[in-house]
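Chemist: Based on what follows, work out the 3D shape:
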Amino acid sequence: MPKIGDKVRVRRQKDLLCEFVEPHDEWWTIEVGHKFIEEMYDYCGEEATIDDFEDIFDGYKGYSLDIDHDYVFNLYMLESLDGRAL
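Modeler: Numbering: from 1, shown residues only. The predicted structure is shown next:
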């Protein structure tokens, strides 16, 4: 389980879409836990530091990242810097 201060990477868009979104979903929104919305794809592949633990929504822990505090990221959206799932 990641901790505040850990470095992570936002998963690649292709990986997220293959795993979570049907091909016909025109909005690319992943509605699992805290939603992964279209604007968040700008951060795919970027390294970030976990700044804070936000909350639990639908059983998913939310994390605030230093790259943008407007969005809450769940673990399924992130990976370790060596590419392993968190």
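
Chemist: As a check, name the ranges of all helices in this structure.
Modeler: 13-20 (DSSP state H).

Chemist: got any ranges where it has weak pLDDT?
Modeler: 23-24 (pLDDT under 70).

Chemist: Provide a complete list of residue ranges assigned to strands in it.
Modeler: Here the chain has its strands, by DSSP state E, at 7-10, 47-57, 60-65, 68-74, 78-79.

Chemist: List the contacts of V10.
Modeler: By CB atoms under 8 Å, 6 or more residues apart in numbering, the contact set of V10 is M40, Y43, C44, G45, E46, A48, L65, I67, F73, M77, L78. In short, each C-beta sits where N, CA and C put it, glycine included.

Chemist: Of these, which count as buried by neighbour count?
Modeler: Buried members of those, counted by 16 or more other CB atoms under 10 Å: M40, Y43, C44, A48, L65, F73, M77, L78.

Chemist: picking up where we left off before, nearest to C18, of the strands of the chain?
Modeler: Set against C18 and scored by CB to CB, the strands of the chain come closest in strand 78-79, at 14.0 Å.

Chemist: how about the strands of the chain in CSV, adding distance to T29?
Modeler: Shown next, in CSV, are those (distance: least, CB to CB, whole Å):
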stretch, distance to T29
strand 7-10, 16
strand 47-57, 15
strand 60-65, 15
strand 68-74, 13
strand 78-79, 18
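
Chemist: Which one, of those, ends up nearest to D25?
Modeler: Among those, strand 68-74 comes nearest to D25, with 18.1 Å by CB to CB.

Chemist: mind listing what's buried in the closest one?
Modeler: Buried residues in strand 68-74 (16+ other CB under 10 Å): Y71, V72, F73, N74.
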